[in-house]
Structure formats: structure tokens, C-alpha cells
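J.: when you get a sec, could you give me coordinates for this:
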Amino acid sequence: MSEKKSYGFTTTILHNDRQKPIEHGSLHKPIHTSVTFGYDDARQLASVFQGKEAGFRYGRQGNPTISALEDKITKMEDGVSTLCFATGMGAIGAVFQALLRAGDHIVSSSFLFGNTNSLWQTAAGQGVEVAFADATDVANVEAALTPATRLVFLETIANPRTQVADLARIGQLCKERGILFVVDNTMTSPYLFRPKTVGAGLVVNALTKSIGGHGNALGGSLTDTGAYDWSAFPNIAANYKRNPPAQWGMAQLRAKALRDFGASLAPEAAHHIAVGAETLALRMERASSNALAVTRMLEADERVVAVYYPGLASHPQHALATDLFKAYGSLFSFELKDGIDCFDYLNRLKLGISASNLGDTRTLVIPVSHTIFYEMGAERRASMGIAESLIRVSVGIEDTADLLDDFQSALAG
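T.: Below is the predicted model of the structure:
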């Protein structure tokens, strides 16, 4: 495989490890469990620590297995570099931990994953002001900006109501104002969408979800796309400015979020995720197709009050999603008619598994208000349009006909 030739998404991911030497002709980068790395020349050890040459210092900041996964994700996102973390929340937390200071201001989508919402509440308690805006319209984000705004944080498709952010216009706004644009790409994955195309400087992926794809490893990543000018970011410490400006952000993130905070990915998990990533495109195509078929069936059933999926023509951001994404993803949610108990419905499903995860090969279902958004409280849920009967579905790769039969049969009671 030639590095000079341009290959497709799946071909690139499948053969990426082989672009660098691997022991014994292995097709996968092996699992390196060592946390320490020895050097025959002590001067070389010092040179690695000082950043003058490439190498591994200590497992908390890097490892050959993790480095191979980082390189794979960088290529997925068409970025310049990637850092991996123990979880997706670890990656988002790294943005707060390493890049923000008391007195800073951020703008976040108001339609937000519950744990990320909780993290921003923690940030607010530590002196970072957080403004929530309806990101389906750039005007709302622009109105929330202040002179102290350091970054804008959005998800591509909101979990669980599937609102789609006005990504391109918000990216242009951030570029004009010199603000770091951070996009969580978990719900779409790099196969369906690359946030770099709308000007995102940092891209978050919860590797636990679609990229790993099999529910067997936790992980998260931050990718620097090269779209942001880090010389415009005021919170870079002087010692990281010894690097070229394009490297400032990731140098500070690696030191403060991995070295100091320790949210490091384990090599065993990195290996699971790297192998799972090889089939990302195939799984996303199947899961997206399944989701569209099931949502069309549910929308046509009088026992269902509402279905939220960007692939439906009735979705408020359907046209926007069609312009942005290769397909509409595997996530949808729906509300049942009054009188149909959501717990009873879920218990009647034979294939849909009541579980809390996304992007798995299997279809997973969960009653949102009673579980992942319960801690948020009724008032905040209502402000986000989350009904008490809302069911979230992460569609898997099962045979389409089997899923259609399962979801329809459960409606019959």
C-alpha cells in the first residue's frame, strides 16, 4: 500500500498500521503493556522528554499501541494529530482541564448529552461561565458570545432528541471571531461527517461508541484538525510556546490532561477499538439504513406520538442533515401514545436490549427520563423537550426485517 496514493476510508483504516514497521509481520499493531520505556543513551531519554525527538516517556502520556490508534483516528478525521483518553468524557474533560481558566466563557449547545451538561455545571462551579444556546440556529450562538468566550462546543446530532446544529454557519462565525470551535462527532462518526469541513479546530469522539463499535472497550479522543490558529488562544502557557504555534494546543493538552490529570487510555482498550474501527463504515451504513426503516414504520403507526430522527422528512433539520452528513446515523428516539407504558413496551422487545450505550452492533433501548437524564430534573428535561415517555434507540446491525417485526410487535401489547 503506497502512502502517496489516495485510498478510500475503509482501505486506509484497514492498512494504516502497516505503514510503519510491525514486529514479525503482524497485520495489527500488537498490545504493548509496558508503562516504562528504556533508552541505551541517557541523552536520548532527555531529548525525548524535552520534545526534541519522538519517543515514549511514560505510559500515562503515550504508548505504541495507543499511538497507532491515534494515527488511525487522525486519518479518519483528516486531522493533524490526535490524543486518546480513557473515555469520551475524559476527552471532553480534557478541554476544560487543560484549556480553560476561571473567568473564561464558553457557549454550548443547550441540546446536550446529560454527562456533558453535568461537566459544564462543574466548570461553572469552578469559575468558567457557561451559556447554553439553541444551536440549530447560528443567531442564538452569536447572541450568547461575549468578549471572554474562549470556545463554542456543539454535538453534531443531539442525544436523545436528534436536533442538528447549524454547524457550517457556526463554524464560520467562530472563524470570524477567532474562537475555538469544538465539535463532538460521536453521533455521526468520522465516516458520516468530518467536522473539519465546517471549521472545527478540535473534534471529540467517544471511541466507546461507533468507532469501537462492539461495546467491549471504553475510550475517547481529541483530534486537532489544523483549522484553528492556536496563536490566537490566550490560555497557552509559555513553556508550550517553544513549539511551532500549530502544535501549541495539543502540547498543552497532552501535558495537562494526560501527564497531570492522568485520563489515559489503556493499551488493551486501544487494541479493541483499533480492530473495531476497521468495520466502522460497513456498520454505520447498515445501522443508518436500519434506523431509517424503523423510524418510518414507527412514524406511520398511530400508537406513536412522535419520532425524532434526522432522516425523516418531518424532522425540523432534515434538509440541514442531508446537506451535512453522508447518512443520518443510528440514533433516534420516540414517544408513545398516552396509555402505553414505556417500561411495558421495552419489556416486550425481543431484540432491543434495555441498556445504556450507543453505537453498538446490537440494538439498545432506554427510557430517557427515568435513567440517563433523571438526575437533570424535570424542569431541565422539559426545557430540552424530553418527555417522560421518551425512548432512545441506538440501532444495531441486525437484519432489517427482524427489527421491524420486533418494534411493531411490541406495539401490539
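
J.: what secondary structure does residue 131 sit in?
T.: Judged by DSSP: H, G, I helix; E, B strand; the rest coil, the three-state class of residue 131 is strand.

J.: may I see the buried residues of the helix or strand of the chain with the lowest mean pLDDT?
T.: Using mean pLDDT, DSSP states H and E, the weakest-scoring helix or strand in the chain turns out to be helix 378-383, at a mean of 80. The neighbour-count check on helix 378-383 (16 or more other C-beta atoms under 10 Å) flags residue 381 as buried. No exception for glycine: its C-beta is placed from N, CA and C like everyone else's.

J.: where does the stretch 51-200 of the chain dip in pLDDT?
T.: Of all residues in the stretch 51-200 of the chain, none has pLDDT under 70.

J.: after the least confident helix or strand of the chain, next one along is what?
T.: Counting by DSSP states H and E, the element after helix 378-383 in chain order, helix or strand, is strand 391-394.

J.: show me what the longest helix along the chain is packed up against.
T.: What stands out as the longest helix in the chain, according to DSSP state H, is helix 280-299. When contacts are defined as 3 or more C-beta pairs under 8 Å, 6 or more residues apart in numbering; DSSP states H and E, helix 280-299 sits against helix 9-15, helix 189-192, strand 304-308, strand 331-336, helix 400-411.

J.: any chance you could map the helices in the stretch 151-300 of the chain?
T.: 167-177, 189-192, 248-253, 267-277, 280-299 (DSSP state H, counting those that start in this stretch).

J.: what helices or strands is the second one leaning on?
T.: The reference is to helix 189-192. Counting by 3+ C-beta pairs under 8 Å, 6+ apart, helix 189-192 packs on helix 64-76, strand 202-206, helix 280-299.

J.: dump the helices and strands packed on helix 280-299 into JSON lines; add distance to residue 225 as well.
T.: Formatted as JSON lines, the helices and strands packed on helix 280-299 follow (distance: least, C-beta to C-beta, whole Å):
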{"stretch": "helix 9-15", "distance to residue 225": "16"}
{"stretch": "helix 189-192", "distance to residue 225": "11"}
{"stretch": "strand 304-308", "distance to residue 225": "29"}
{"stretch": "strand 331-336", "distance to residue 225": "23"}
{"stretch": "helix 400-411", "distance to residue 225": "35"}
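
J.: out of these, flag the one nearest residue 157.
T.: With C-beta to C-beta as the criterion, residue 157 lies closest to strand 331-336 of the helices and strands packed on helix 280-299, at 6.6 Å.

J.: sheet partners, orientation included, of the closest one?
T.: In the sheet, strand 331-336 lines up against strand 304-308 (antiparallel), strand 391-394 (antiparallel) (DSSP bridges).

J.: just the buried residues of that strand, please?
T.: For strand 331-336, by 16+ other C-beta under 10 Å, it's 331-336.

J.: now do stretch 258-267
T.: 258, 261, 263-267.

J.: kindly report the same for stretch 64-81.
T.: So for stretch 64-81, counting by 16+ other C-beta under 10 Å, buried means 64-77, 79, 81.

J.: ranges for the helices of the stretch 1-150 of the chain?
T.: 9-15, 42-49, 64-76, 88-99, 114-125, 138-144.

J.: quick one: closest of those helices to residue 403.
T.: Closest among the helices of the stretch 1-150 of the chain, using C-beta to C-beta: helix 9-15, at 24.1 Å.
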